[in-house]
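J.: give me a model of this one.
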Amino acid sequence: MLAGRTFYLSPATFPIFSKSNPDMTSPSFDRRAFVYGGAALLASSMAGVRAQTARVPVRVGNIPIVGAAPIFVVDKEGWAKEAGLDLALTTFQSGPNAIQALASGTIDVYVAGIAPLGVARSRGIDVKVVAATATGENVFVGGPRLVQHFAPGVAPAEAFKRFRAATGKPARLATQPAGSVPNTTLQYWLWEVIKANRDDVEVVAMGIDATQQAVLADAVEGAIVREPALTIIQRNNPGIKLLEVGDRLFPGQPGTVVGVSGAFLARHPAAVQSLVDALVRAGDLLTHDPDRAAPAVAANLGKGIVELEIIKTALKSPATKFVIDPREVIGPAKAMEAYQVKLGSLKEAANLDDLFDVRFFERTRRPG
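T.: Predicted coordinates:
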């Protein structure tokens, strides 16, 4: 018995076991053959046991957005299992929440916004970005009461001013918590791009699902959203309009990335390489055949609640651009980090060159 397994020595395995030689006393009995044959069988069985136990469990924390789609495709297409990885996905409502789980050792891999990782590194959390998944995801939408002031030729800052003059209160704009990409992106757009008057707007921090609900319930006048929230919101209320796209909110807006804890990276570098290989494969599928990828995304993101057609639309949205190469987001990430320092959400700039580990992408084994 080995690890719960019983081995049977049959005549097919060892010809010495036969009716003509039941007690192995015949002169033809070769004890060395028996010993070597048994050792070979034992070694083979041990190899099978090792193969079964060599799989690497990978605890992934992600946020429920289309920008995280590559990890969903890797999971549901079975590519992780092919590579010997057993993914266990956990959903968080913001990047900062996922960072807490990474810091506590609850997750091994972080799939969410880049901004919280800069904060994490500045606080001594050992994490490396090994891949990106999407850029330019965050867009700004306005509800009907705000949209009427965004008339053609009216500057956004003037539109917010007109809203306050008409209602007697600032426009409430929902986004995720301080330190997140959506929050940083919104504040950059308000104060640096359109130069809005701070008395004309109020930034309200809440989770991803709460933001979507607040916009639909008309509890806020505007919000930073990502897909599939954008598609869902506009289908439910066509009066909610897309007022600004991602790259105009923050130039080169860095988005969702894949961060790996230093401990996991040290223990399982080959698993990290396999994960990056699979992410590149997923990015290619999402970019070139989004309809084929949609069911895998819907299975993880929709949980049977969001219609497949909504996911298909979201994958082709102007708020969706899949980018796996981590080198493409280093420059914009540095610019965002500098702005976080200005906002006070980050005490000082971390060394983002040290945050990124591009080796795995650079030696990716591409399919075909």
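
J.: element containing residue 149, please.
T.: Assessed by DSSP states H and E, residue 149 sits outside every helix and strand.

J.: which ones are touching it?
T.: Residue 149 is in contact with 159, 160, 162, 163, 166, counting by CB atoms under 8 Å, 6 or more residues apart in numbering. Every C-beta, even on glycine, is put in place using the N, C-alpha and C of the backbone.

J.: in the helix or strand hosting the first one, which residues are buried?
T.: To tie it back to what came earlier, the one meant is residue 159. Per DSSP H and E: residue 159 is located in helix 156-167. For helix 156-167, a neighbour-count test (16 or more other CB atoms under 10 Å) marks 156, 157, 158, 159, 160, 161, 162, 163, 164 as buried.

J.: how long is stretch 250-258 end to end?
T.: One end of stretch 250-258 sits 20 Å from the other (CA to CA, to the nearest Å).

J.: if you count neighbours, what's buried in it?
T.: 250, 253, 254, 255, 256, 257, 258.

J.: from residue 92, how far off is the residue nearest the centre of the chain?
T.: The chain has residue 111 as the residue nearest its centroid, 2.9 Å off, counting by CA atoms, centre = their mean. Using CB to CB, to the nearest Å, residue 111 is found at 10 Å from residue 92.

J.: which residues are in contact with the closest residue in space to residue 343 that isn't next to it in sequence?
T.: Counting by CB to CB, 6 or more residues apart in numbering, residue 343 lies nearest to residue 187, which is 6.1 Å off, once chain neighbours are set aside. Residues in contact with residue 187, defined by CB under 8 Å, 6+ apart, are 203, 339, 343.

J.: and those, which are buried?
T.: 203, 339.

J.: where does pLDDT dip in this protein?
T.: Residue ranges of the chain with pLDDT under 70: 1-53, 302-305, 365-368.

J.: all strands of it, in order?
T.: With DSSP state E as the criterion, the chain has strands at 56-62, 85-91, 109-113, 127-132, 139-142, 171-175, 201-205, 222-225, 241-244, 256-261.

J.: show me the helices in the stretch 151-300 of the chain, by range?
T.: When assigned using DSSP state H, counting those that start in this stretch, the helices of the stretch 151-300 of the chain occupy the ranges 156-167, 181-188, 208-216, 229-236, 246-249, 262-267, 269-288, 290-297.

J.: now the angle from the first one to strand 171-175?
T.: Okay, so that is helix 156-167. Here helix 156-167 runs at an angle of 120 degrees relative to strand 171-175 (axes from the mean of the first three to the mean of the last three CA atoms, to 10 degrees).

J.: helices and strands around helix 156-167, which ones?
T.: Applying 3 or more CB pairs under 8 Å, 6 or more residues apart in numbering; DSSP states H and E, one finds that helix 156-167 makes contact with helix 144-147, strand 171-175.

J.: of the ones you listed, which approaches residue 73 most closely?
T.: Evaluated with CB to CB, the helices and strands packed on helix 156-167 place strand 171-175 nearest to residue 73, the distance being 27.1 Å.

J.: ok, and for the closest one, which residues are buried?
T.: 171, 172, 173, 174, 175.

J.: hey, C-alpha coordinates of it in PDB?
T.: Taking Å, rounded to 0.1, in the frame of the first residue of the first chain, the C-alpha atoms of strand 171-175 are listed here in PDB:
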ATOM      1  CA  ALA A 171     -22.600  67.400  -8.300                       C
ATOM      2  CA  ARG A 172     -22.000  64.100  -6.400                       C
ATOM      3  CA  LEU A 173     -19.500  61.900  -8.300                       C
ATOM      4  CA  ALA A 174     -19.000  58.300  -7.300                       C
ATOM      5  CA  THR A 175     -15.700  56.400  -7.500                       C
END
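
J.: and that strand, which strands flank it?
T.: strand 201-205 (parallel), strand 222-225 (parallel) (DSSP bridges).

J.: I'd like the ones you listed as JSON lines, with distance to residue 354 appended.
T.: Output for these, formatted as JSON lines (distance: least, CB to CB, whole Å):
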{"stretch": "strand 201-205", "distance to residue 354": "29"}
{"stretch": "strand 222-225", "distance to residue 354": "29"}
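
J.: give me whichever of those is most buried.
T.: Ranked by mean neighbour count under mean count of other CB atoms under 10 Å, those are led by strand 222-225, which reaches a mean of 28.

J.: got the domain ranges for the chain?
T.: 9-39, 56-136+253-362, 141-249 (automatic domain parsing).

J.: what is the end-to-end distance of the second one?
T.: Pointing back at domain 56-136+253-362 there. Taking CA to CA, the first and last residues of domain 56-136+253-362 lie 23 Å apart.

J.: related to what we said a few turns ago, shared neighbours of residue 111 and residue 92, anything?
T.: By CB under 8 Å, 6+ apart, residue 111 and residue 92 have these common neighbours: 61, 62, 63, 98.
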